[in-house]
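Undergrad: Have a look at this fold, sequence not included:
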């Protein structure tokens, strides 16, 4: 049994997890204001459970071997300290860390939509675009720990105005902002998607989103050629997601005649528990 912890910008989720990925006694608390408060919360939970180690999902560029988190995230204080070493010395137990998107991908590799595949990619669509690259069922991080940072990809370039259009600008948040700017009212993202057929402005931004996503998936397929590309994040809850993406992929492939390989895309199996499950799998594979 392990203690799985998913550290997010607003809350920290945790659970006891067995070797089959089943979660017990789930809980959460508000993300602390300081690192010491975070350590104390984890210590209290750890001492209250009969577990042999701690598996953590963290934002940022996680150097798992070092135990240090580089880059930036919504939680400034986690960047720099050796969290792995600090907690291991404090609790006298083994601690493993991994990036949150990588953890979500590993959950799919272990028990989810990529469990039958060796090579896959995981794309997270939310407030931005992120993801992970999996090779031989292991995360490929890259030399700068930026493997799977699909949000930095350039989807379009306007030569007249010297503008780069990033994948991250084609997130669900950007759809809401675009609609609100054009119509002068506040809208919920889900409402925009649900009523796209009834509103021309909604339809324009939703169509742009799906085309941007399809272009990104196409680029990933021909850059890495994975067996499957898994879609996660809030958008994965939509029943029509795969059909909408496949429709745009068909248009793209029809226009690019040499391209004969259509990406295989699936929705993620796990939602809120994905990061904890993947963190535990990461811990188990590092024994």
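TA: Structure's in. What do you need? The shown structure was predicted, so the numbers you read here are calculated from the model rather than taken from an experiment.
Undergrad: where does this protein dip in pLDDT?
TA: Applying pLDDT under 70 to the predicted model, the residue ranges of the chain that meet it are 168-170.
Undergrad: Let me see the ranges of the helices in the stretch 51-200 of the chain.
TA: Counting by DSSP state H, counting those that start in this stretch, the stretch 51-200 of the chain has helices at residues 83-91, 100-111, 172-183, 189-194, 200-224.
Undergrad: residues contacting the closest residue to residue 139 other than its chain neighbours?
TA: What sits nearest to residue 139 in space, not counting adjacent residues and going by Cβ to Cβ, 6 or more residues apart in numbering, is residue 102, at 4.7 Å. For glycine as for every other residue, the C-beta is placed from the backbone atoms N, C-alpha and C. Contact criterion Cβ atoms under 8 Å, 6 or more residues apart in numbering gives 62, 132, 139, 141, 148, 278, 282 as the residues in contact with residue 102.
Undergrad: Save those as TSV, and put in distance to residue 221 and neighbour count too.
TA: Output for these, formatted as TSV (distance: Cβ to Cβ, whole Å; neighbours: other Cβ atoms under 10 Å):
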residue	distance to residue 221	neighbour count
62	26	28
132	15	30
139	19	24
141	20	19
148	15	24
278	23	34
282	26	25
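Undergrad: Relative to residue 32, which of those residues is nearest.
TA: Checking these against residue 32 with Cβ to Cβ, the nearest one is residue 62 at 18.7 Å.
Undergrad: OK, contacts around the residue sitting nearest the centre point of the chain?
TA: With the centre of the chain defined as its mean C-alpha position, the nearest residue by Cα atoms, centre = their mean is residue 101, 3.4 Å away. Contacts of residue 101 were listed using Cβ under 8 Å, 6+ apart, and they are 122, 124, 130-132, 148.
Undergrad: distance of residue 232 from residue 114?
TA: The spacing between residue 232 and residue 114, counted by Cβ to Cβ, to the nearest Å, is 11 Å.
Undergrad: wait, I meant residue 237
TA: Residue 237 is 19 Å from residue 114, by Cβ to Cβ.
Undergrad: So for these two, which residue has more residues nearby?
TA: Relative neighbour count places residue 114 above the other of residue 237 and residue 114, with 27 against 11, counting by other Cβ atoms under 10 Å.
Undergrad: For residue 121, see how far away that one is.
TA: Taken as Cβ to Cβ, the span from residue 114 to residue 121 is 9 Å.
Undergrad: hey, what's in contact with both of those two?
TA: Any residue near both residue 114 and residue 121 by Cβ under 8 Å, 6+ apart counts here, and that gives 105, 134, 228, 230.
Undergrad: which one of those is nearest residue 209?
TA: residue 230 (18.0 Å).
Undergrad: For that closest one, grab the count of nearby residues.
TA: Residues lying near residue 230 (other Cβ under 10 Å) number 29.
Undergrad: give me every residue that touches it.
TA: For residue 230, the residues meeting the contact criterion (Cβ under 8 Å, 6+ apart) are 105, 108, 112-114, 120-123, 265-268.
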